[in-house]
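> Need the 3D shape of this:
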Amino acid sequence: MLDQYWFFVSAGLLFLAFYFQFPFKEEEAWHCSCGYDLSYMNKTSDKCPECGQDAKLEWSVTIGGYSGPTKKRLLWAIFLFVGSFFLLAVGLLIRFIRQVASV
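Prediction:
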């Protein structure tokens, strides 16, 4: 027997996962994992001046666009958002059908 509350819990968890995908930053990939801002880094160097790790800069195709990893995270967030509302709708539909059947 399907219990509609499992759909509500699942929808809530998916919505939380969606929520934690934010915020999106335009120049998200311009920071090293140590937190150093790589915006003003020497263009000939491929190392972070702060910690010495390899600096991987993500360039966006358009001015004001998002980098590759940010676009993937944005698509994943949209998928989670739609999925949470789908599960919520299924839970409400099951609840409605049970109420109609009990009358």
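
> okay, CA-based contacts and neighbour counts for the rest of this
OK.

> Surely G12 touches S84?
Yes. Using CA atoms under 8 Å, G12 is in contact with S84, at 6.8 Å.

> ok, these two, which is more surrounded?
S84 (24 against 16; other CA atoms under 10 Å).

> Could I get the buried residue list for the helix or strand that contains that one?
Using DSSP states H and E, S84 maps to helix 68-102. Under the neighbour-count criterion of 16 or more other CA atoms under 10 Å, helix 68-102 has 70, 74, 77, 80-85, 87-92, 94 buried.

> hang on, C48 packs against L38?
Yes. At 7.3 Å, C48 and L38 qualify as touching, with contact defined as CA under 8 Å.

> shared neighbours, those two?
Common neighbours of C48 and L38, using CA atoms under 8 Å, 6 or more residues apart in numbering, are C32.

> How is this structure divided into domains?
Residue ranges for the domains of the chain, per automatic domain parsing: 1-24+67-103, 25-65.

> I'd like those as CSV, with mean pLDDT appended.
Converted to CSV, the domains of the chain look like this (pLDDT from 0 to 100):
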stretch, mean pLDDT
domain 1-24+67-103, 82
domain 25-65, 72
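
> The spatially closest residue to P49 that is not a sequence neighbour: what secondary structure?
Nearest non-adjacent residue to P49, counting by CA to CA, 6 or more residues apart in numbering: M41, 7.5 Å away. Three-state call for M41 (DSSP: H, G, I helix; E, B strand; the rest coil): coil.

> Against G68, how distant is M41?
Taking CA to CA, to the nearest Å as the measure, M41 falls 20 Å from G68.

> ditto for Y19
Distance from Y19 to G68, by CA to CA: 20 Å.

> before we move on, what about Y40?
21 Å.

> Point to the residue nearest the middle of this structure.
Among the residues of the chain, Q21 comes closest to the average C-alpha position under CA atoms, centre = their mean, at 3.0 Å.

> can you confirm that one is in a helix?
No. The assignment for Q21, made by three-state DSSP, is coil rather than a helix.

> Now it: closest residue in space, sequence neighbours ignored.
A77 (6.1 Å).
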